[in-house]
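Enquirer: Sequence and predicted structure are below.
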Amino acid sequence: MTDDYAPLSLNVPEPEWRPGDVPDFSKFEIPRAGAVSRPPVDVEPDDIRDMAFSIVRVLRKDGEAVGDWAGALTPDELREGLRHMMTLRIFDARMLNAQRQGKTSFYMQHLGEEAVSCAFARALRPGDMNFPTYRQAGLLIAGGYPLVTMMNQIYSNAEDPLHGRQLPIMYSSREHGFFSISGNLGTQFVQSVGWAMASAISGDTRIAAGWIGDGSTAESDFHSAMVFASTYDAPVVLNIVNNQWAISTFQGIARGGVGTFAARGHGFGIASIRVDGNDYLAVHAVAKWAAERARRGHGPTLIEHVTYRAGGHSTSDDPSAYRSATEAAEWPLGDPLDRLKMHLIRIGEWTDERHTQAEAEITQTVIAAQKEAEAIGTLAQGNIPLARDMFEGVYETMPPHLVRQRQEAGY
Amino acid sequence: MTDDYAPLSLNVPEPEWRPGDVPDFSKFEIPRAGAVSRPPVDVEPDDIRDMAFSIVRVLRKDGEAVGDWAGALTPDELREGLRHMMTLRIFDARMLNAQRQGKTSFYMQHLGEEAVSCAFARALRPGDMNFPTYRQAGLLIAGGYPLVTMMNQIYSNAEDPLHGRQLPIMYSSREHGFFSISGNLGTQFVQSVGWAMASAISGDTRIAAGWIGDGSTAESDFHSAMVFASTYDAPVVLNIVNNQWAISTFQGIARGGVGTFAARGHGFGIASIRVDGNDYLAVHAVAKWAAERARRGHGPTLIEHVTYRAGGHSTSDDPSAYRSATEAAEWPLGDPLDRLKMHLIRIGEWTDERHTQAEAEITQTVIAAQKEAEAIGTLAQGNIPLARDMFEGVYETMPPHLVRQRQEAGY
Amino acid sequence: MTMIEAIREAHDVAMTRDERVVVFGEDVGFFGGVFRCTAGLQKKHGRARCFDTPINESGIVGTAIGMAAYGLKPVVEIQFADYVYPAYDQIVSEAARLRHRSNGDFTCPIVVRMPTGGGIFGGQTHSQSPEALFTHVAGLKVVVPSNPADAKGLLLAAIDDPDPVIFLEPKRLYNGPFDGQHDQPIVGWKKHPLGEVPEGDVPVPLGVAARFREGQEVTVLAYGTMVYVAEAAAERAGVDAEIIDLRTLVPLDLETIETSVQKTGRCVILHEATRTSGFGAELMSVVQETCFYHFEAPIIRVTGWDTPYPHAQEWEYFPGPARVAEALRKVMED
Amino acid sequence: MTMIEAIREAHDVAMTRDERVVVFGEDVGFFGGVFRCTAGLQKKHGRARCFDTPINESGIVGTAIGMAAYGLKPVVEIQFADYVYPAYDQIVSEAARLRHRSNGDFTCPIVVRMPTGGGIFGGQTHSQSPEALFTHVAGLKVVVPSNPADAKGLLLAAIDDPDPVIFLEPKRLYNGPFDGQHDQPIVGWKKHPLGEVPEGDVPVPLGVAARFREGQEVTVLAYGTMVYVAEAAAERAGVDAEIIDLRTLVPLDLETIETSVQKTGRCVILHEATRTSGFGAELMSVVQETCFYHFEAPIIRVTGWDTPYPHAQEWEYFPGPARVAEALRKVMED
Ligand SMILES: Cc1ncc(C[n+]2csc(CCOP(=O)(O)OP(=O)(O)O)c2C)c(N)n1
Ligand SMILES: Cc1ncc(C[n+]2csc(CCOP(=O)(O)OP(=O)(O)O)c2C)c(N)n1
Ligand SMILES: [Mg+2]
Ligand SMILES: [Mg+2]
């Protein structure tokens, strides 16, 4: 046998643009709004295979809402949605700044991705449970969780419900259907499936929602989640937030040779849909559909939210080192706030003036919350939880060795 | 919102038949031999999507080899293949018995699955590397590894190349392209991808083959392997041996809602094929195709070998407790040895007499090897590796603490 | 009754009294587990409360955590302790810290059971004793029963416990006590007093050691199989050893240990696991910290060697009665 | 030079001299790592030898093992030690035992680097010190440098090593020594003698401790950040402490430890990790085993508490100079 083979070489995917390049998204295929039809909730996953390669969109460029997936929300609900997104954006800006001023140690923002969590939150019912990552604070804001409590957590002050134990933004609120955020990527995805299985075991009607980033789909627990969800037909909505980046790593490294993240579901017989993550109406409609599907006992749905992380990964990150500075501005799916605002104006339910006024009001609300939180305390300024608190809650009852250690520590 | 939802319930898949049931495989869809055509090796994975839901088969019921995938092997090669499978089966029977006689602690057989590893072995080139599970000893037998060395390992005797450190059948032979078997399921699947990546990094032309069982595809490292293989287009053939059972657990628990294991590849853009694992010609042809694909730089292939574990999981297992006693006999893809034998007879290259004679010869060879191995020693009878050997090879150079421990042990 | 039967009964009692208890793992449902510790549970309690899982340890523990967050009380089986590592992240990063990090907003009352230890010619992947990898992790409790009565009672307590419990079952003890004298005939639990298991729902509290054998000359700290090895060794060496069966490693019953060591002034520590950074190191440390002025001789550890658990050399690896007896003699001489 | 620069240089030297060295991990390629320890390597050595990976720690280590079996020498980065657990199975069950189980037919010369330790307000998932989870595993070597010179030299030795090495980088030391006095101005490596790093290929051998500070009254065993804390504490307490910087935890330089403890008769052991079953337990044990008759006072451990690493209470968790000084005073009184 003669060796007539060429030497192999390693394929290392690279993003199209790096710092200094001018992005050109003209090859990025965007289906027309309204083009993807809405199947019945008991559809066979295999019959909607194409939905993993398309994008469900409702809002047209001109602001019109069109197609099967439109029409589910009243103007009041839409205005509320806009308010939630604006609140989240303003909240982020203030907290980012607070971190820069040294008031706390760390922050992570949602810039450009506000629609995903804000719209999703409104598609669930009370009692349902999200297993979020660190970039879905919209679930809390749209769920009515007090801003000042969020800030208390961020500042690790004496009123922090987590008693200063967790990194800023790692919220937890069972009452608001928001599972304690983990710093470890992916772990919560399979936990959401377990929660959903528990609901099914208990003959309940509540459902769970798992959340994961594009980069984190590579983690093994993504697989665990898919396997268990598929086998036990768990009543869960599994959300991938594809914001194109995982810190400095573009989504192609996690995605590899397949066209989309949603397609991952096909290997498991799980219904899989891509949605325009910057289209509040589309996210809400798809989330509603998937939640209904789960609650009716038709099993899991995998949703890929196509969006863009317009800001840095966290306050420790500077994206200008690894991606084109103009990529965010060129991002073809636009800005979720602008798009919902334009829609509301187009249907005569909003004006630029009302928007400016709302912005001012929300800013005031956020500032007031911030003042209140800072009056309680900050990591930098003090009035933080007691040192002895760190020994509490390791177990329900403090075991003897921890009592001894607490005493040794002098608390 | 009124709660008009029915209580959810947990779906727990169950096999169709349990002990006492009479299996009926009439609903098991088996494509005709020759029905699946052979695509070019540089085919786009998406263009052969249907191959993950069909089964490549070459041997017809009447023993004729038909279709695109036929014709690659000479009668000599086929006879050699038959001999390998017969050797493996006889080897298994003898070793199973040796374990029952207490000569060693443990054994695992291949009954019904002999074609998979024996045929695959002949599709690789020297220097390629398999990362096998415990049920691919055919790779060694078809690769010319001495039977007596295998037995020495099984008996943990003084000539065991692994010095008694490993459980019986956990062979290792770099020279024969056979990576050290791990008792931990799945771990080796992603290692095979790493080996393949290394070959690509080094500008080599060698390829790797990963192996995993149907049940073990549920392990997280299956995902790791798929992600890395997909992203770096690794020159690797990823084999799933679907023998329908994982100890007492039927394949539906790992497979969940998707039709086939091969379909798992679709979520990664990996070319995915199902093959009749009891058809020596089909396995060989598909393996050749996938190996060529990898070696030509077209990336990974996922192969699902559809077969049946006709024996117990291991010597610790009794399948009559969890599956129908007649399932193995009813298995619609038949017995791999019988089928290849029939083919050879049909094409006039084999006779019943020659078969009986070969059987006797092989039995003699295996018995001779067994005598030789047992003359060296067995776990039960002694002449096993020295106790002090257990301290060797933990590191290349024995560190001081191990020297001290060895001395403390008195060796 | 055997330890297997005792474990089965503990499951059954817990499932019967508490709807929230669910049991799952690889081969755990229809078949009842490769060691049969869950046999009959699916039939009795239904497929939604006792079921087979895909082979994915991270998924088993990960879904259990989600179920616990929902309000159930999952008891899961890892087929062998050697296969717990894929679940290690879920146990360490999630189960162990959930209560603390959420300040009790979510809790994680799960039990992770697994057969542990050697003595069955299981080679490196069916023999490990990974207890120290759990005792280092704040938020976990770690339990090792040494007999059927304790196995049932401790498992009931573990299921009751509001926090995650790692429950290590010495598989060499499943069918009878084993003192490491592997060339002697096997005795079953039937003839052993600790094979008598109280009926019904009688938990054995976590965090309380048992004085397995009274003695005056030296304290032996042991758990699981090593308790019987200690007994055989004490007889062999003719040393009046007090054997403490720790039963729970975290939280540790330091009081019982202290009392005994302060009485005897000598201490030998046993475990099957690899020596370096084994749980014996922690025991030696706490004993040193609390009993320093009572010591008459250096504390000795007798453990598995710092090598993978070998197959053919099993009895040279296993810290059997000969090695333990030698340590007892030595500690008496020092 | 900083520790980051030293680590970068070690990579560069190794990659330049040996084609088989490949470097990968999350954000390691184009960007050069979140701590920038691999910055510039992709540009210089090409994308096939330094690249970004999917976020899958098991895949990172698993592919590295496969590459090592092929004949390469992979050096991989786990972004934070807190995220190593998904790779734990590959490290423990595979890398650590491959040489032994295959009797040298396959070996596993990989280096798994990871930033470790606290002091940066990183909360429970950016602060952990999991060294004891590796020291318990036979077949692994475990290294913790405490300064730029050692970081470069030890990393070169680790890459040279024929066996798997866990390389823990105290992230609080990346940019300067840190003695736990967090309210004092930060000093960089520039002004520190150990910031002077030898040029070229100069490995520091594994398994050899350094006497960081000479002293007569008490031996302090420390590694990583705690070396500087010990120094500050000794000054604060006015105790003539001999500080041993272990540098390699496995294999341990017992000789240096023994010599020092037998000289001083007193010993204090430090680490940031959780106390129970921390590496301090092993140190306390070997010191007890080898120096029993030399002791004048109980050995004391000063460590992180048995709780998750907290965010706001960082300085109450961190075993800072005040706590260490107290221990030094106490051990002198006993
Ligand atoms: C197990 C684990 N590995 C690595 C990290 C470090 N890390 C934090 S965020 C991140 C990137 C995640 O990217 P993606 O999933 O796309 O989410 P995004 O930040 O874009 O929302 C990484 C690697 C971690 N937190 N946990
Ligand atoms: C990580 C891990 N978990 C569990 C086991 C125990 N175990 C050994 S074989 C087996 C079943 C494997 O089934 P499958 O993958 O279908 O392979 P087959 O035995 O059918 O060839 C199990 C659960 C193991 N060896 N490793
Ligand atoms: Mg992302
Ligand atoms: Mg199988």
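Expert: Perfect, I can see it now. Residues are numbered from 1 along each chain as shown, chains lettered A, B, ... in the order given. Ligands and ions are numbered 1, 2, ... in the order given.
Enquirer: Which parts of chain C belong to which domain?
Expert: Here the domain assignment for chain C is C:3-173, C:210-333, based on automatic domain parsing.
Enquirer: Mind putting those into CSV with mean pLDDT, distance to D:Leu328 and mean neighbour count?
Expert: In short, each C-beta sits where N, CA and C put it, glycine included. Listed next are the domains of chain C as CSV, based on pLDDT from 0 to 100; distance: least, CB to CB, whole Å; neighbours: other CB atoms under 10 Å in any protein chain shown:
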stretch, mean pLDDT, distance to D:Leu328, mean neighbour count
domain C:3-173, 98, 25, 25
domain C:210-333, 97, 16, 23
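Enquirer: Please name whichever of these is nearest to ligand 3.
Expert: domain C:3-173 (20.2 Å; CB to the ion).
Enquirer: returning to what we had before: nearest to A:Ile181, of the domains of chain C?
Expert: A:Ile181 lies closest, by CB to CB, to one member of those: domain C:3-173, at 8.6 Å.
Enquirer: Does ligand 4 have contacts with that closest one?
Expert: No - shown here: domain C:3-173 not in contact with ligand 4 (CB under 5 Å from the ion), separated by at least 9.5 Å.
Enquirer: Distance across that domain, terminal residue to terminal residue?
Expert: 7 Å (CA to CA, to the nearest Å).
Enquirer: Do you know the pLDDT at the one residue in the stretch 101-250 of chain A that gets nearest to ligand 1?
Expert: Across the stretch 101-250 of chain A, the shortest distance to ligand 1 (CB to the nearest ligand atom) belongs to A:Gly213, at 2.1 Å. For A:Gly213, the model assigns a pLDDT of 98.
Enquirer: do A:Thr2 as well
Expert: For A:Thr2, the model assigns a pLDDT of 50.
Enquirer: so how far is chain B from A:Arg274?
Expert: Distance from A:Arg274 to chain B, counting by CB to the nearest CB, to the nearest Å: 14 Å.
Enquirer: and that residue, that one's in a helix?
Expert: No - assigned with DSSP: H, G, I helix; E, B strand; the rest coil, A:Arg274 falls outside any helix and is strand.
Enquirer: Show me what it bridges to in the sheet.
Expert: A:Glu304 (DSSP bridges).
Enquirer: now swap in A:Val56 and tell me
Expert: A:Val275.
Enquirer: Wait, it touches A:Ala287, no?
Expert: No - under the criterion of CB atoms under 8 Å, A:Val56 makes no contact with A:Ala287, lying 10.6 Å away.
Enquirer: Between the two, point out the one with more neighbours.
Expert: A:Val56 (28 against 25; other CB atoms under 10 Å in any protein chain shown).
Enquirer: and A:Gly143, what does it touch?
Expert: A:Gly143 makes contact with A:121, A:176-178, according to CB atoms under 8 Å, 6 or more residues apart in numbering or on different chains.
Enquirer: Mind pulling up the pLDDT for it?
Expert: For A:Gly143, pLDDT reads 98.
Enquirer: same deal with A:Glu292?
Expert: For A:Glu292, pLDDT reads 98.
Enquirer: neighbours around the closest residue to A:Ser173 other than its chain neighbours, how many?
Expert: Closest residue in space to A:Ser173, ignoring its immediate chain neighbours: A:Tyr145 at 5.8 Å, by CB to CB, 6 or more residues apart in numbering or on different chains. By the measure other CB under 10 Å, the count of residues near A:Tyr145 is 19.
Enquirer: does A:Tyr145 really touch A:Phe178, like I thought?
Expert: Yes - A:Tyr145 sits in contact with A:Phe178 when judged by CB under 8 Å, with a separation of 7.3 Å.
Enquirer: anything in contact with each of those two?
Expert: Common neighbours of A:Tyr145 and A:Phe178 (CB under 8 Å, 6+ apart) are A:Tyr171.
Enquirer: Quickly check: the strand of greatest length in chain C near chain D or not.
Expert: Criterion DSSP state E: the longest strand present in chain C is strand C:267-274. Yes - residues of strand C:267-274 contacting chain D under CB under 8 Å from any CB of the partner chain: C:273-274.
Enquirer: The next helix or strand after that strand near chain D at all?
Expert: For strand C:267-274, the succeeding helix or strand toward the C-terminus, using DSSP states H and E, is helix C:279-291. Yes - with CB under 8 Å from any CB as the criterion, chain D is reached by helix C:279-291 at C:279-282, C:284-285, C:288-289.
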